[in-house]
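A.B. asks: Turn this into a structure:
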Amino acid sequence: MSAPRVVSVVAESPAQRAGLRVGDEVLAIDGQVPRDVIQYRLLVDGPSPELLVHRGHEEVSVHVPKLSGEALGLEVSSAVFDRVQTCDNHCEFCFIHQLPKGMRRSLYLKDDDYRLSFLYGNFTTLTRFTEMDFERVINEGLSPLFVSIHSTDPELRAQMLRNRRGAVSLRWLRALLDAGIEVHGQVVVCPGVNDGSALETTLAGILDEYPELATVACVPLGVSRFSTESEMRDHSEAEAAAVLELVEDWQGIFSTATGRRLVYAADEYYLLANRGFPQAEAYDGFPQHENGIGMARAFELAFSGDSASAFGVKPGFFASVDGAPAEGYRARRSDSAPPHSLDTPVTLITSDYGSRVLRPLLLAAGVEDRVHLLVVHNDFFGGNIAVTGLLTGSDVGHALERQPVNGRVMLPDVCLSEGRFLDGVTIDELPCPVEIVPSDGLALRKAIEPILLARATGATGS
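C.D. replies: Below you'll find the predicted structure:
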């Protein structure tokens, strides 16, 4: 058990008024030792909790006068205080298994923890889920959860997970749905393994066994140059098109049977198949936006200023858990676009896939001559890795060296975690200064607003 450390104290909060400090380690609350930030939240939610903290070389008891339900005003260092439930599957398509040595240590942690699924939208296979876990989910209402399905055929699922428990662990999915827990599913589609007729069997199995699922995402596997699995390969254009056709067919079947489309294909499939993205309404509120479902269309809506861009993507439960750090998919990487008043040329760093989304938007806005795309190919990972979030500092740095830029250089914040790229390179190590811009359409529009205004008024910049 590792005691959570206070990393920030909100000004004028009950915690600050009571004298709690950054660096304090929370040992117990009202005599109870919390296992994770979920229990922590429940304990501090009551009136006037008593916190036992380790400060310097002593233990200090701090009484915090506050109302029931009032936020304590602390942020702690981690979401799980006991040991994270790690994954004991050995999936052929697992991207963590493809990471080379020498990257940030945290990248190699492969979790299968329902608590992180609840807090941050991480997907769990339920192969390590227990009766005690189930009771806690039900008693504390830990909903929604996110479950990796991959196949509803028991033998194929066990084969894909390389874990015999994979054949039976979806019984927990049935139990969760029976208990009224909202669950979103995912199928990582591997060509030649669980696509084609196997994918059709999976979708039929979902209709027969798990029709209460909130959504199901079909996403392609990522295969880097570090993969040692000979059967794992890219989708061909025809295979990607076949997945889209199957998903569209089953959206009709699900709509008829359940009143909902239920299954959606990742944006990558439309890019791989060279097809246009569906209209916004086809995503039903973008519930799996952060899993790459409808992200391009939502970006376009936000960039265009369409009011429908308020599509209701959940910011993660951590946003309402007093004290929980922002991590995972839903980590806050930057707050706003940098202010700028001059019509200065802009170079926007992006990936192969990112350029295919951005270029049409810049052309439609008439600013392609002032906002240039620096398309960075992912040489570090290679394979079919072409999304912006997996760009490394080494590749970005080499691209900036090969192509000198003028004016402002912008980097989407999705490339960074705590100021570092996946390979550990910091932005200060790049060959030129860059501005970090939030990875959404509205933020980009605000960042290049002087150029847009100059274009609208007919003015020209320097």
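
A.B. asks: what residues are up against Q159?
C.D. replies: G166 (C-beta atoms under 8 Å, 6 or more residues apart in numbering). All C-beta atoms are positioned from the backbone trio N, CA, C, and that covers glycine.

A.B. asks: what helix or strand is it on?
C.D. replies: Assigned by DSSP states H and E, Q159 falls within helix 154-161.

A.B. asks: could I have that helix exported to CSV, CA atoms only?
C.D. replies: Extracted C-alpha coordinates of helix 154-161, given in CSV (Å, rounded to 0.1, in the frame of the first residue of the first chain):
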residue,chain,number,x,y,z
PRO,A,154,-15.2,-18.5,-26.2
GLU,A,155,-12.5,-20.4,-27.9
LEU,A,156,-11.5,-17.5,-30.2
ARG,A,157,-11.5,-15.0,-27.3
ALA,A,158,-9.3,-17.3,-25.2
GLN,A,159,-7.0,-17.7,-28.2
MET,A,160,-6.7,-14.0,-28.8
LEU,A,161,-6.1,-13.2,-25.2
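
A.B. asks: Distance from the chain centre to it, please.
C.D. replies: 25 Å (C-alpha atoms, centre = their mean, to the nearest Å).

A.B. asks: Could you identify the helix or strand that succeeds that helix?
C.D. replies: helix 171-178.

A.B. asks: Please point out which parts of the helix holding Q159 sit buried.
C.D. replies: Neighbour counts over helix 154-161 (16 or more other C-beta atoms under 10 Å) mark L156, R157, A158, Q159, M160, L161 as buried.

A.B. asks: same question for it, mean pLDDT?
C.D. replies: Taken as a whole, helix 154-161 carries a mean pLDDT of 97.

A.B. asks: same check, this time on stretch 173-189
C.D. replies: 97.

A.B. asks: Distance of E248 relative to A198?
C.D. replies: 18 Å (C-beta to C-beta, to the nearest Å).

A.B. asks: who has more neighbours, those two?
C.D. replies: Taking neighbours as other C-beta atoms under 10 Å, E248 and A198 compare with A198 leading, 19 against 14.

A.B. asks: send the alpha carbons of stretch 222-235 over as CSV?
C.D. replies: Written as CSV, here are the backbone C-alpha positions of stretch 222-235 (Å, rounded to 0.1, in the frame of the first residue of the first chain):
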residue,chain,number,x,y,z
GLY,A,222,-1.7,-1.2,-34.4
VAL,A,223,1.4,-3.1,-35.7
SER,A,224,4.7,-1.4,-35.1
ARG,A,225,8.1,-2.5,-36.5
PHE,A,226,8.8,-3.9,-33.1
SER,A,227,6.1,-6.5,-33.3
THR,A,228,7.3,-10.1,-33.2
GLU,A,229,3.9,-11.7,-34.0
SER,A,230,4.0,-13.0,-37.5
GLU,A,231,0.2,-13.3,-37.8
MET,A,232,-0.4,-9.7,-36.9
ARG,A,233,-0.5,-7.4,-40.0
ASP,A,234,-2.1,-4.3,-41.4
HIS,A,235,-5.6,-4.2,-42.9
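
A.B. asks: Three-state assignment for S106, please.
C.D. replies: At S106 the chain is in helix, as set by DSSP: H, G, I helix; E, B strand; the rest coil.

A.B. asks: Break the protein into its domains for me.
C.D. replies: Here the domain parsing of the chain from automatic domain parsing is 6-76, 96-328, 333-457.

A.B. asks: Let me have those in TSV, extended by distance to C87.
C.D. replies: Below are the domains of the chain laid out as TSV (distance: least, C-beta to C-beta, whole Å):
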stretch	distance to C87
domain 6-76	18
domain 96-328	4
domain 333-457	20
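
A.B. asks: Please report the distance of K66 from A11.
C.D. replies: From K66 to A11 the distance is 15 Å (C-beta to C-beta).

A.B. asks: More neighbours: which of the two?
C.D. replies: The neighbour comparison of K66 against A11 (other C-beta under 10 Å) goes to K66, with 20 against 7.

A.B. asks: So the more buried one, which state does it fall into?
C.D. replies: K66 is classified as coil under three-state DSSP.

A.B. asks: show me the contacts for it.
C.D. replies: Counting by C-beta under 8 Å, 6+ apart, K66 touches P14, P47, S48, P49, L72.

A.B. asks: Same question for stretch 208-222: list its buried residues.
C.D. replies: Buried residues in stretch 208-222 (16+ other C-beta under 10 Å): Y210, E212, L213, A214, T215, V216, A217, C218, V219, P220, L221, G222.

A.B. asks: mind listing which of those are in strands?
C.D. replies: T215, V216, A217, C218, V219, P220 (DSSP state E).

A.B. asks: what helix or strand is G185 on?
C.D. replies: strand 183-189.

A.B. asks: what packs against that strand?
C.D. replies: On a contact count with 3 or more C-beta pairs under 8 Å, 6 or more residues apart in numbering; DSSP states H and E, strand 183-189 meets strand 145-148, helix 171-178, helix 196-209, strand 215-220.

A.B. asks: hmm, try it at 6 Å
C.D. replies: In terms of contacts (3 or more C-beta pairs under 6 Å, 6 or more residues apart in numbering; DSSP states H and E), strand 183-189 is packed against strand 145-148, strand 215-220.

A.B. asks: Run the chain-centre distance for the first one.
C.D. replies: Looking back up the chat, that one is strand 145-148. When distances are taken as C-alpha atoms, centre = their mean, strand 145-148 is centred 13 Å away from the chain's centroid.

A.B. asks: Would you mind checking the average pLDDT for that strand?
C.D. replies: 96.

A.B. asks: The last one now?
C.D. replies: For strand 215-220, mean pLDDT rounds to 97.
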